[in-house]
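A.B. asks: Here's a sequence, model it:
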Amino acid sequence: MTEEKYLATPLDEIPNIVGKLRQHFNKNAPFSYEFRIQQLQQLQKLIEENEKEILAVCAEYFKEDARFAVGFRLFPVKYDLGLMLTNLKEYMKPKSISQPFPMNVKIKKVYSVQGVVGIIAPWNFPVSLLLRPLIGAIAAGNCVVLKPSEVTDNVARLIAKLIPKYLDPKIVQVVCGGPKETNAMINAKLDLCMFTGSTFVGKLIMKACAEHLTPVILELGGKNPVFLDDKLDLKVVAKRIMYGRLLNCGQLCLSPEYVFVSKQNVNTLISELRQVLKEFYGDKIETTQRFSHIVNTNHFRRLKKIRDYYLLNDTESKKIVIGGPNDKEFFFKDNEKERFIPPMVLSNVDFEKDAIMAEE
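C.D. replies: Numbering: from 1, shown residues only. All right, here's what the predicted structure looks like:
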């Protein structure tokens, strides 16, 4: 692999990587239950033996305490592995299905493998959103090409180092790099492509795959609303909203983005949100390692520009109900060196015109 601004697999090697996986698949598939279990156990071993190193390299980007981060960085991977190791034999069994009238016959549903699966992971959860799809792909009997995000380059380097040590290189390979390497992987004619990330990039992935009629699974970002019934306990609601919104500093496609609440409950909800911020982070949010930071400087500057739009505009600043310049409790300065962006809550946002609503 060549050294650039991020680790990149030479473009001329990528078709060969995919081609060798396909040759092995065509010659040896379907892989036995025992082989699939053995590979999943090896993946489990990879996590167990390298947990500290994995969490440490993630902390380089998100500046979080490993004791806190393990719950959302690695626990989902461990859970999925346990579930699959326990139930794979049952999952592989053919399923009997009754056809309704007028056929009135019983048929068997038999699962078949795809072939060579490409998994393209995002930067916000660079380990779990790479390895969780890998679990399913191995369990289903496929060969896999992993493409970790180039944004979290040190994570990609660690993955590229660990995967060949634990998993059979005849069924799992790693391709590192950015858009060029991703296109080369897709153009090698995968049998299935899985991508998690932004809607913008998802459209590019889908377009590239369409050229080869490659099936695509996309899990994309968006604006996630919360609708509050008047009968709800706002103390509980506030905790759930803040936990979901501030996990990974909001760098999460599932995080709640905006809230619909009746007018009579607006002030109560804002008060409860303030209490939750105190409970979660105290008065040291800029230094606590329980609050993640922004992944890199480019993304920090993008978010700072939006934040400044509200802070520095007399009209727009009136929308800030938590984290504004006159908020003695929760106004903190952003910090580019640390890539720290403090929380801010807005009210009476215009869905059509507000800058914050254009963000994914």
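A.B. asks: contacting residues around residue 181?
C.D. replies: 8, 9, 11, 14, 147, 175 (CB atoms under 8 Å, 6 or more residues apart in numbering). From N, CA and C alone the C-beta is placed, and that goes for glycine too.
A.B. asks: Identify the farthest-apart pair in those residues.
C.D. replies: The widest separation within the contacts of residue 181, taken as CB to CB, falls between 11 and 147 and amounts to 13.2 Å.
A.B. asks: picking that back up, which among the contacts of residue 181 gets closest to residue 71?
C.D. replies: residue 147 (25.7 Å).
A.B. asks: And that closest one, how close does it get to residue 324?
C.D. replies: Distance, residue 147 to residue 324, using CB to CB, to the nearest Å: 41 Å.
A.B. asks: These two: which has the busier surroundings?
C.D. replies: Neighbour comparison, residue 147 and residue 324: the larger count goes to residue 147, with 27 against 17 (by other CB atoms under 10 Å).
A.B. asks: As a check, name the ranges of all helices in the stretch 1-150 of the chain.
C.D. replies: Along the stretch 1-150 of the chain, counting by DSSP state H, counting those that start in this stretch, helices occupy 14-28, 33-62, 66-73, 75-92, 128-139.
A.B. asks: In TSV: those, plus mean pLDDT and distance to residue 108.
C.D. replies: Listed next are the helices of the stretch 1-150 of the chain as TSV, based on pLDDT from 0 to 100; distance: least, CB to CB, whole Å:
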stretch	mean pLDDT	distance to residue 108
helix 14-28	98	24
helix 33-62	97	18
helix 66-73	88	39
helix 75-92	97	13
helix 128-139	98	20
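A.B. asks: So which of these is the most surrounded?
C.D. replies: helix 128-139 (a mean of 23; mean count of other CB atoms under 10 Å).
A.B. asks: Point out the other helices and strands that it packs with.
C.D. replies: Secondary-structure packing of helix 128-139 (3 or more CB pairs under 8 Å, 6 or more residues apart in numbering; DSSP states H and E): helix 33-62, helix 75-92, strand 116-120, strand 143-147, strand 192-197.
A.B. asks: now the closest residue in space to residue 14 that isn't next to it in sequence: how far from residue 57?
C.D. replies: Leaving aside its chain neighbours, residue 14 sits nearest to residue 184 (4.2 Å; criterion: CB to CB, 6 or more residues apart in numbering). Distance of residue 184 to residue 57, computed by CB to CB: 25 Å.
A.B. asks: Flag every buried residue along stretch 326-346.
C.D. replies: Neighbour-count burial for stretch 326-346 flags 330, 332, 334, 339, 340, 341, 342, 343, 344, 345, 346 (criterion: 16 or more other CB atoms under 10 Å).
A.B. asks: Can you add pLDDT, secondary structure and distance to residue 357 and give those residues back as JSON lines?
C.D. replies: Formatted as JSON lines, these follow (pLDDT from 0 to 100; DSSP: H, G, I helix; E, B strand; the rest coil; distance: CB to CB, whole Å):
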{"residue": "330", "pLDDT": "92", "secondary structure": "coil", "distance to residue 357": "22"}
{"residue": "332", "pLDDT": "93", "secondary structure": "coil", "distance to residue 357": "23"}
{"residue": "334", "pLDDT": "96", "secondary structure": "coil", "distance to residue 357": "21"}
{"residue": "339", "pLDDT": "96", "secondary structure": "coil", "distance to residue 357": "24"}
{"residue": "340", "pLDDT": "97", "secondary structure": "strand", "distance to residue 357": "24"}
{"residue": "341", "pLDDT": "96", "secondary structure": "coil", "distance to residue 357": "18"}
{"residue": "342", "pLDDT": "95", "secondary structure": "coil", "distance to residue 357": "20"}
{"residue": "343", "pLDDT": "95", "secondary structure": "coil", "distance to residue 357": "18"}
{"residue": "344", "pLDDT": "95", "secondary structure": "coil", "distance to residue 357": "14"}
{"residue": "345", "pLDDT": "96", "secondary structure": "strand", "distance to residue 357": "14"}
{"residue": "346", "pLDDT": "95", "secondary structure": "strand", "distance to residue 357": "10"}
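A.B. asks: tell me which of those residues is nearest to residue 39?
C.D. replies: Distances from residue 39 to the buried residues of stretch 326-346, taken as CB to CB, are shortest for residue 339 (36.7 Å).
A.B. asks: give me every residue that touches that closest one.
C.D. replies: Applying CB under 8 Å, 6+ apart, the residues contacting residue 339 are 63, 293, 294, 295, 296, 297, 299, 300.
A.B. asks: got it, and residue 135?
C.D. replies: 40, 43, 77, 80, 81, 84.
A.B. asks: Repeat the analysis, applying 7 Å as the threshold.
C.D. replies: Shown in contact with residue 135 (CB atoms under 7 Å, 6 or more residues apart in numbering): 40, 43, 80, 81, 84.
A.B. asks: Please apply the same query to residue 344.
C.D. replies: So residue 344 contacts 307, 320, 322, 323 (CB under 7 Å, 6+ apart).
A.B. asks: right, and the pair among those residues with maximum separation?
C.D. replies: 307 and 322 (12.8 Å).
A.B. asks: For the residue nearest to residue 170 when sequence neighbours are not counted, give its distance to residue 87.
C.D. replies: Nearest non-adjacent residue to residue 170, counting by CB to CB, 6+ apart: residue 24, 4.6 Å away. With distances taken as CB to CB, residue 24 is found 26 Å from residue 87.
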